[in-house]
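*Asks:* I would like to see how this sequence folds:
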Amino acid sequence: MAEPCATFHEACLQRGLLEDDNEWQQCLQEAGDMATGRQLRDLFATLLCDCTPSDPLRLWMDFQDKICDDLQHRLQIQNLRQNPTPEDTYDFGLFLIEEILQRSNKSLQNWPMLPLPQQNWEHAIGNRLIAEQHNYNAEQQA
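*Replies:* Purely as a prediction, here's the structure:
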(Lines give C-alpha, C1' and ligand atoms only; values in the text may rest on other atoms or scores of the structure.)
Protein backbone atom coordinates (compact mmCIF):
# COMPACT_ATOMS: atom_id res chain seq x y z
CA MET A 1 0.00 0.00 0.00
CA ALA A 2 1.30 3.44 -0.93
CA GLU A 3 2.10 6.09 1.64
CA PRO A 4 -0.63 8.68 2.22
CA CYS A 5 -0.25 11.87 0.25
CA ALA A 6 0.39 15.15 2.02
CA THR A 7 -2.16 17.07 -0.03
CA PHE A 8 -5.29 16.44 -2.05
CA HIS A 9 -3.46 17.81 -5.10
CA GLU A 10 -0.65 15.27 -4.67
CA ALA A 11 -3.18 12.44 -4.32
CA CYS A 12 -4.93 13.50 -7.54
CA LEU A 13 -1.60 13.58 -9.38
CA GLN A 14 -0.75 10.09 -8.11
CA ARG A 15 -4.13 8.72 -9.19
CA GLY A 16 -3.75 10.28 -12.66
CA LEU A 17 -6.70 12.61 -12.14
CA LEU A 18 -4.51 15.62 -12.90
CA GLU A 19 -1.70 15.97 -15.39
CA ASP A 20 1.68 16.88 -14.03
CA ASP A 21 3.57 19.93 -15.24
CA ASN A 22 6.49 18.11 -16.88
CA GLU A 23 5.49 19.50 -20.27
CA TRP A 24 5.45 23.07 -18.96
CA GLN A 25 8.69 22.52 -17.03
CA GLN A 26 10.38 21.35 -20.22
CA CYS A 27 8.86 24.22 -22.21
CA LEU A 28 10.17 26.85 -19.78
CA GLN A 29 13.54 25.09 -19.51
CA GLU A 30 14.08 25.06 -23.27
CA ALA A 31 12.78 28.60 -23.73
CA GLY A 32 14.93 29.79 -20.83
CA ASP A 33 18.05 28.73 -22.70
CA MET A 34 17.35 31.07 -25.63
CA ALA A 35 14.58 33.54 -24.78
CA THR A 36 14.79 36.92 -23.08
CA GLY A 37 13.23 37.60 -19.71
CA ARG A 38 10.46 39.56 -21.41
CA GLN A 39 9.67 36.63 -23.70
CA LEU A 40 9.66 34.26 -20.72
CA ARG A 41 7.23 36.51 -18.84
CA ASP A 42 4.92 36.40 -21.86
CA LEU A 43 5.31 32.63 -22.04
CA PHE A 44 4.63 32.20 -18.32
CA ALA A 45 1.46 34.31 -18.62
CA THR A 46 0.38 32.24 -21.63
CA LEU A 47 0.93 29.02 -19.70
CA LEU A 48 -1.19 30.34 -16.86
CA CYS A 49 -4.03 31.50 -19.10
CA ASP A 50 -4.14 28.76 -21.71
CA CYS A 51 -2.50 25.64 -20.32
CA THR A 52 -3.84 25.36 -16.76
CA PRO A 53 -0.70 24.05 -15.05
CA SER A 54 -1.42 21.96 -11.98
CA ASP A 55 1.24 23.70 -9.84
CA PRO A 56 1.92 27.23 -11.12
CA LEU A 57 3.74 28.14 -7.90
CA ARG A 58 6.31 25.39 -8.54
CA LEU A 59 6.79 26.70 -12.11
CA TRP A 60 7.29 30.24 -10.77
CA MET A 61 9.74 29.09 -8.08
CA ASP A 62 11.73 26.94 -10.51
CA PHE A 63 11.99 29.58 -13.25
CA GLN A 64 11.75 32.96 -11.52
CA ASP A 65 15.49 33.56 -12.00
CA LYS A 66 15.22 33.16 -15.76
CA ILE A 67 11.85 34.94 -16.01
CA CYS A 68 13.33 37.96 -14.19
CA ASP A 69 16.90 37.77 -15.47
CA ASP A 70 16.78 41.22 -17.11
CA LEU A 71 14.99 43.07 -14.34
CA GLN A 72 17.80 43.88 -11.91
CA HIS A 73 19.48 45.90 -14.66
CA ARG A 74 16.16 47.48 -15.70
CA LEU A 75 15.38 48.55 -12.13
CA GLN A 76 18.77 50.27 -11.93
CA ILE A 77 18.60 51.94 -15.36
CA GLN A 78 15.10 53.28 -14.77
CA ASN A 79 16.22 54.58 -11.36
CA LEU A 80 13.59 52.50 -9.59
CA ARG A 81 16.13 50.81 -7.29
CA GLN A 82 19.85 51.53 -6.99
CA ASN A 83 20.75 48.13 -5.58
CA PRO A 84 17.73 45.89 -6.12
CA THR A 85 17.53 42.78 -4.01
CA PRO A 86 16.42 39.48 -5.54
CA GLU A 87 13.09 40.03 -3.76
CA ASP A 88 12.72 43.43 -5.48
CA THR A 89 13.51 41.83 -8.82
CA TYR A 90 11.02 38.97 -8.41
CA ASP A 91 8.36 41.36 -7.11
CA PHE A 92 8.83 43.60 -10.16
CA GLY A 93 8.62 40.49 -12.34
CA LEU A 94 5.28 39.59 -10.75
CA PHE A 95 4.09 43.15 -11.41
CA LEU A 96 5.02 42.83 -15.10
CA ILE A 97 3.34 39.40 -15.35
CA GLU A 98 0.24 40.95 -13.77
CA GLU A 99 0.25 43.61 -16.51
CA ILE A 100 0.46 40.90 -19.19
CA LEU A 101 -2.39 38.95 -17.59
CA GLN A 102 -4.57 42.04 -17.36
CA ARG A 103 -4.46 42.37 -21.16
CA SER A 104 -6.37 39.06 -21.18
CA ASN A 105 -8.72 40.21 -18.41
CA LYS A 106 -6.94 37.94 -15.93
CA SER A 107 -4.95 38.59 -12.77
CA LEU A 108 -2.48 36.75 -10.58
CA GLN A 109 -5.38 36.61 -8.14
CA ASN A 110 -6.93 33.98 -10.44
CA TRP A 111 -4.16 31.66 -9.19
CA PRO A 112 -4.35 32.03 -5.38
CA MET A 113 -1.25 29.93 -4.83
CA LEU A 114 0.91 32.48 -6.69
CA PRO A 115 2.39 35.43 -4.84
CA LEU A 116 1.18 38.93 -5.67
CA PRO A 117 3.43 41.95 -6.13
CA GLN A 118 3.98 43.57 -2.75
CA GLN A 119 5.42 46.90 -3.84
CA ASN A 120 3.59 49.71 -5.61
CA TRP A 121 5.51 49.55 -8.88
CA GLU A 122 2.90 51.57 -10.77
CA HIS A 123 3.63 54.50 -8.49
CA ALA A 124 7.40 53.96 -8.71
CA ILE A 125 7.32 53.88 -12.49
CA GLY A 126 5.02 56.87 -12.70
CA ASN A 127 4.51 58.13 -16.21
CA ARG A 128 5.70 55.42 -18.62
CA LEU A 129 6.70 57.98 -21.27
CA ILE A 130 9.00 59.74 -18.84
CA ALA A 131 10.38 56.41 -17.62
CA GLU A 132 11.16 55.41 -21.21
CA GLN A 133 13.00 58.70 -21.77
CA HIS A 134 15.11 58.03 -18.67
CA ASN A 135 15.91 54.53 -19.95
CA TYR A 136 19.27 55.26 -21.57
CA ASN A 137 22.90 54.50 -20.91
CA ALA A 138 24.39 57.73 -19.53
CA GLU A 139 27.98 56.62 -20.19
CA GLN A 140 27.20 55.77 -23.79
CA GLN A 141 25.40 59.09 -24.32
CA ALA A 142 28.34 61.05 -22.84
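
*Asks:* from here on, contacts and neighbour counts on C-alpha atoms
*Replies:* Noted.

*Asks:* if you count neighbours, what's buried in stretch 38-45?
*Replies:* 38, 40-45 (16 or more other CA atoms under 10 Å).

*Asks:* quick one: those residues as CSV, columns for pLDDT and distance to Trp60 too.
*Replies:* What follows is those, written out as CSV (pLDDT from 0 to 100; distance: CA to CA, whole Å):
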residue, pLDDT, distance to Trp60
Arg38, 96, 15
Leu40, 97, 11
Arg41, 97, 10
Asp42, 97, 13
Leu43, 96, 12
Phe44, 97, 8
Ala45, 97, 11
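
*Asks:* from the residues you listed, which single one is nearest Leu108?
*Replies:* Of all these, Ala45 has the smallest distance to Leu108: 9.3 Å, by CA to CA.

*Asks:* which strands and helices sit next to the strand or helix carrying the closest one?
*Replies:* Of the helices and strands defined by DSSP states H and E, Ala45 is found in helix 37-46. On a contact count with 3 or more CA pairs under 8 Å, 6 or more residues apart in numbering; DSSP states H and E, helix 37-46 meets helix 22-32, helix 56-67, helix 86-102.
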